[in-house]
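Q: Have a look; sequence and predicted model below, questions after that.
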Amino acid sequence: KFEKIWLTFGIGALIVFLTVLGVSAFYVGNQPPSCLATVNPEKVDTTAPFDQPGLKKVEGKDWDYELVFVAQAFAYTPGDVEVPLGAKVKVIATTKDVIHGFQVAGTNINMMLTPGYINEIVTTFDKAGEYLILCNEYCGTGHHMMTSKIRVV
Ligand code: CUA
């Protein structure tokens, strides 16, 4: 009889533990601090700044350029972009369909693009070269081909 009580208690504690773990992982994983603004995933193409992806010079802000990316299975727009060496750039990205990754190899940029959310990160490209952008969230059959490139010159 007592075994049954302890077994029930044990399983109950396990469920509570797993629930807490699952919920916290979900919130931490899906809501990085940069995910403040939202966008309708179906209207990305007509919503600024995503209606004009690419690099844009800005005035009167803490950064010099804004670099806008739109992710969609299985590509990023733009697929290749040139950034001036030493530029302080705010990278702004979202996805039109499913969750995609946005990892810039050789930098600390690693974002999870979630439909409906806008990811932003400010960074300075102070080393010339080619930076590969990779999708590190499995998004379908073309996942491994999903890349873009930032060329710092
Ligand atoms: Cu997009 Cu994997």
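A: Yes, it's here.
Q: quick one, strands of the protein?
A: Chain-ordered strands for the chain, with DSSP state E as the definition, fall at 54-57, 65-72, 75-77, 81-83, 88-95, 100-104, 110-113, 119-124, 129-134, 147-152.
Q: Which neighbouring elements make contact with the third one?
A: In this structure, strand 75-77 makes packing contacts with strand 65-72, strand 147-152, judged by 3 or more Cβ pairs under 8 Å, 6 or more residues apart in numbering; DSSP states H and E. The way it works is simple: take the backbone N, C-alpha and C, and place the C-beta from them, glycine included.
Q: just to revisit the earlier point, residue 18 is nearest to which of the strands of the chain?
A: Closest to residue 18 of these, according to Cβ to Cβ: strand 110-113, at 22.3 Å.
Q: Now do the phi/psi pair for the spatially closest residue to residue 99 that is not a sequence neighbour.
A: In space, and not counting its chain neighbours, residue 99 is closest to residue 137: 5.0 Å by Cβ to Cβ, 6 or more residues apart in numbering. Per-residue torsions, residue 137: phi -120, psi 130 (degrees, to the nearest 10).
Q: Run a quick neighbour tally on residue 137.
A: Residues contacting residue 137 under the criterion other Cβ atoms under 10 Å number 18.
Q: For residue 39, report the pLDDT, please.
A: For residue 39, the pLDDT comes out at 93.
Q: Ignore what I typed, I meant residue 85.
A: pLDDT at residue 85 comes out at 97.
Q: next one: residue 25
A: For residue 25, the predicted pLDDT is 66.
Q: Please parse the chain into its domains.
A: 1-30, 41-152 (automatic domain parsing).
Q: winner for burial among these?
A: Across the domains of the chain, the average number of neighbours (mean count of other Cβ atoms under 10 Å) peaks for domain 41-152, which reaches a mean of 17.
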